[in-house]
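**Student:** here are the coordinates; sequence isn't available:
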């Protein structure tokens with residue numbers, strides 16, 4: 001059976017402060033077959049301004065999906081997740097927490113704040129690419145996004 005490829009451009013917001021992780025995610029998404037536009041922001045405060053279309057982000061596209069790190073400067077991912085999920089304009093955007101934290105408290109809190117899924121970043125390069133491929137296959141090809 002031929003694989004069905006999503007031909008709709010998917011806007012992805014990556015909120016990540018680690019340049020190495022940003023590079024890996026960009027490379028992994030380039031290898032995929034989904035059409036996507038990736039916007040990268042390095043801290044939670046800027047991400048919320050982007051999502052709320054404040055200041056220089058007045059024309060910012062509404063992302064179809066958010067990849068969110070937890071440990072960032074200014075506003076961390078926990079604060080960003082809470083702000084998004086309590087905002088009527090933003091709460092339906094699916095959020096994948098993609099972080100290095102394996103702490104059970106972080107996992108529980110993320111789901112309590114209505115994260116759509118929680119993924120711990122692998123340390124191994126091949127596994128990292130595999131995880132991004134799985135995200136792409138499920139969230140960009142299988143799931144119907146709002």
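**Tutor:** Thanks, I have the structure now. As the structure is a prediction and not an experimental result, all values here were calculated from the model. Numbering: from 1, shown residues only.

**Student:** Can you name the next helix or strand after the top helix by length along the chain?
**Tutor:** If you go by DSSP state H, the chain has its longest helix at helix 19-31. Using DSSP states H and E, the helix or strand that follows helix 19-31 in sequence is strand 36-41.

**Student:** quick one: the longest helix of the chain to strand 36-41, angle?
**Tutor:** With axes from the mean of the first three to the mean of the last three C-alpha atoms, to 10 degrees applied, the angle from helix 19-31 to strand 36-41 works out at 170 degrees.

**Student:** all helices for the protein, in order.
**Tutor:** Using DSSP H, the helices of the chain run over residues 19-31, 44-51, 77-85, 104-112, 125-135.

**Student:** now the ones you listed in JSON lines, with mean neighbour count?
**Tutor:** In short, each C-beta sits where N, CA and C put it, glycine included. Below are these laid out as JSON lines (neighbours: other C-beta atoms under 10 Å):
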{"stretch": "helix 19-31", "mean neighbour count": "15"}
{"stretch": "helix 44-51", "mean neighbour count": "21"}
{"stretch": "helix 77-85", "mean neighbour count": "21"}
{"stretch": "helix 104-112", "mean neighbour count": "14"}
{"stretch": "helix 125-135", "mean neighbour count": "15"}
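
**Student:** Residue 54 and residue 48: what is the separation?
**Tutor:** 8 Å (C-beta to C-beta, to the nearest Å).

**Student:** So, low pLDDT: which residues of the chain?
**Tutor:** Applying pLDDT under 70 to the chain flags residues 1-7.

**Student:** now with 80?
**Tutor:** 1-8, 32-35 (pLDDT under 80).

**Student:** Run through the bridge partners of the spatially most central residue of it.
**Tutor:** Per C-alpha atoms, centre = their mean, the C-alpha nearest to the average position across the chain is that of residue 67, at 0.9 Å. As for beta bridges, residue 67 partners with residue 14, residue 96 under DSSP bridges.
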